[in-house]
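S.K.: Structure of the sequence below:
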Amino acid sequence: MDVLVLCAKTALACLLIVAGGAKLSDPASFVSTVRLFIPLRIAWPWLSAIAVGVSLGELAVGLASLTLPAITALNALVFAIACAFVAASAMGYAFHRGRSCRCFGALSQRRFDAAGILRSAVIAGVAAVALAHVTAAALQLDTTTRMLLLAAAGLLALAAFTAARARSAGREPEPEVVAQ
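M.R.: Here you go, the predicted structure:
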């Protein structure tokens, strides 16, 4: 059982690291998604700050969850984030169906749809598995292991950032419609 729970924790941590890193590559495009859920009277700089804050939050929680697996409060935080994903997917489907969710920045072309709600629910289910108790011996990491995990997480975030940046730079602009 410990292996299943630790695999769930690791997968979720990596998912958060990739999502945060990818969103940070083009925060302006994620702002367009944030705007869908925030009242219009909030000024653009605040929307940018919220978008960057969400991205950095995902990255920080992913890094902490991966390198500090014995802190059980992180499991509850990851579960809460996963539940927020479900809520955002459901609200996006209800009110903004077909719009891009930008959940993985430019790495994903996913839209708010029924499949997105299902994907988010699966993530929340995996997060629920990660809430299960794990023996203390299974969570023991020495300093060298933590540093190696931190370095690997940094490389994962950098790879997601770079891939998303490359993908958004290589995207052709949509053709303009010319009236005839």
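S.K.: which residues touch the most centrally placed residue in the chain?
M.R.: If you average the C-alpha coordinates of the chain and look for the closest C-alpha using Cα atoms, centre = their mean, you land on Ala19, 3.5 Å from that point. Applying Cβ atoms under 8 Å, 6 or more residues apart in numbering, one finds that Ala19 lies in contact with 55, 58, 62, 103-105, 160. Placement of C-beta: from N, CA and C, glycine included.
S.K.: Which members of these are classed as buried?
M.R.: In terms of neighbour count (16 or more other Cβ atoms under 10 Å), the buried residues within these are 55, 58, 62, 103-105, 160.
S.K.: Which of the residues you listed scores worst on pLDDT?
M.R.: The member of those with the lowest pLDDT is Gly105, and it reads 86.
S.K.: Find the nearest non-adjacent residue to that one, please.
M.R.: Closest residue to Gly105 apart from its sequence neighbours, by Cβ to Cβ, 6 or more residues apart in numbering: Ala22 at 3.4 Å.
S.K.: how about the helices in this protein?
M.R.: Applying DSSP state H to the chain gives helices spanning 2-24, 27-37, 44-67, 72-96, 114-130, 143-170.
S.K.: Dump the C-alpha coordinates for the least confident helix or strand in the chain by mean pLDDT into PDB.
M.R.: Lowest mean confidence among the helices and strands of the chain (mean pLDDT, DSSP states H and E): helix 27-37, at a mean of 86. Included here for helix 27-37 are C-alpha records, laid out as PDB according to Å, rounded to 0.1, in the frame of the first residue of the first chain:
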ATOM      1  CA  PRO A  27       1.800  34.100 -18.000                       C
ATOM      2  CA  ALA A  28      -0.100  36.500 -20.300                       C
ATOM      3  CA  SER A  29      -2.000  33.600 -22.000                       C
ATOM      4  CA  PHE A  30      -2.900  32.100 -18.500                       C
ATOM      5  CA  VAL A  31      -4.200  35.500 -17.600                       C
ATOM      6  CA  SER A  32      -6.900  35.000 -20.300                       C
ATOM      7  CA  THR A  33      -8.100  32.000 -18.400                       C
ATOM      8  CA  VAL A  34      -7.900  33.700 -15.000                       C
ATOM      9  CA  ARG A  35     -10.000  36.500 -16.400                       C
ATOM     10  CA  LEU A  36     -12.800  34.000 -17.000                       C
ATOM     11  CA  PHE A  37     -13.100  33.400 -13.300                       C
END
